[in-house]
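Student: Okay, sequence plus prediction incoming.
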Amino acid sequence: MSTAVSRGTSPVPPARQPRLTVLSGPSGVGKSTVVAHMRKAHPEVWLSVSATTRKPRPGEREGVQYFFVDDGEFDKLVANGELLEWAEFAGNRYGTPRQAVLDRLEAGEPVLLEIDLQGARQVRESMPDAQLVFLAPPSWDELVRRLTGRGTESPEVIERRLAAAKVELAAESEFDVTLVNTSVEDVARELLALLR
Ligand SMILES: Nc1ncnc2c1ncn2[C@@H]1O[C@H](COP(=O)(O)OP(=O)(O)OP(=O)(O)O)[C@@H](O)[C@H]1O
Ligand SMILES: Nc1nc2c(ncn2[C@@H]2O[C@H](COP(=O)(O)O)[C@@H](O)[C@H]2O)c(=O)[nH]1
């Protein structure tokens with residue numbers, strides 16, 4: 001935290017710190033949809049691109065949605081300390097490249113991470129000033145509908161993700177803010193306001 005020095009009668013406001021914001025929430029709640037909607041109107045919002053051992057879905061591109069790596073490459077990222085946080089989620093590993101995030105914060109720009117609960121907890125530990133935002137579904141049935149309706153996962157993987165969702169929903173109180181994803185437009189606006 002920078003220290004503002006005040007001289008005379010007009011106090012100097014403290015310099016605004018660039019902020020790291022984490023967006024978490026159960027798989028299928030709509031995190032990517034909300035972030036994509038916000039960034040369409042505000043492409044200047046910087047989103048960290050994670051590394052993952054998950055296979056690309058149709059339409060996903062290297063370096064855009066993720067850096068797609070194999071197990072050995074992920075092991076190296078971990079061993080070399082190149083990840084700010086990482087977690088295993090529903091059978092795959094995911095992690096946030098550290099240096100890109102630090103570069104942005106150093107340049108005074110806000111940073112957005114879209115990561116799971118385990119990652120959010122690690123960020124809270126290592127960067128206590130981070131803002132943790134939880135994206136909640138309007139209801140459990142709607143979450144199941146969205147995850148199933150996306151059509152990207154097998155029934156077995158959907159079951160694993162829904163099991164993780166129960167744990168994630170139970171951890172909502174660990175977050176600073178909850179946004180309920182009833183309307184993509186409304187939540188995108190609220191998230192943008194939190195980033196600024
Ligand atoms: N507010 C909403 N109303 C209705 N459908 C929505 C809404 N937000 C997202 N969806 C739909 O829900 C599905 C899941 O959304 P999305 O892939 O963005 O979720 P996610 O939280 O990023 O999931 P994951 O964590 O698995 O990556 C998509 O088909 C998307 O179109
Ligand atoms: N801890 C981390 N979680 C991450 C990261 N990147 C994405 N995720 C989360 O994984 C699940 C599944 O994502 P999907 O693209 O396979 O549907 C979801 O909750 C993401 O938010 C990361 O770098 N670290």
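Tutor: Looks like it arrived, so ask away. Ligands and ions are numbered 1, 2, ... in the order given.

Student: Tell me which helix or strand comes right after the one helix or strand Glu156 maps to.
Tutor: Using DSSP states H and E, Glu156 falls within helix 155-170. Going down the chain from helix 155-170, the next helix or strand is strand 177-180, by DSSP H and E.

Student: is ligand 2 contacted by the helix holding Glu156?
Tutor: No - Helix 155-170 does not reach ligand 2 (C-beta under 6 Å from any ligand atom); its nearest approach is 7.4 Å. Any C-beta I mention is one placed from the backbone N, CA and C, and that applies to glycine too.

Student: helices or strands up against that helix?
Tutor: Applying 3 or more C-beta pairs under 8 Å, 6 or more residues apart in numbering; DSSP states H and E, we find helix 155-170 packed against helix 117-126, helix 140-150.

Student: in the first one, what's buried?
Tutor: Neighbour-count burial for helix 117-126 flags Leu117, Gln118, Gly119, Ala120, Arg121, Gln122, Val123, Arg124 (criterion: 16 or more other C-beta atoms under 10 Å).

Student: Give me the pLDDT value at the fourth one.
Tutor: Note for Ala120: predicted pLDDT of 98.

Student: Just list the residues touching it, thanks.
Tutor: Residues in contact with Ala120 (C-beta atoms under 8 Å, 6 or more residues apart in numbering) are Val22, Ser24, Leu132, Glu174, Phe175.

Student: can you count the residues close to the second one?
Tutor: Read it as Ser24. Per other C-beta atoms under 10 Å, the neighbour tally for Ser24 reads 25.

Student: same thing with the last one?
Tutor: Look at Phe175: counted by other C-beta under 10 Å, it has 21 neighbours.

Student: how much space is there between it and Thr152?
Tutor: 25 Å (C-beta to C-beta, to the nearest Å).

Student: what does the second one give?
Tutor: Summarising the geometry, the distance separating Ser24 from Thr152, computed by C-beta to C-beta, is 19 Å.

Student: repeat for the third one
Tutor: Leu132 sits 26 Å away from Thr152 when distances are taken as C-beta to C-beta.
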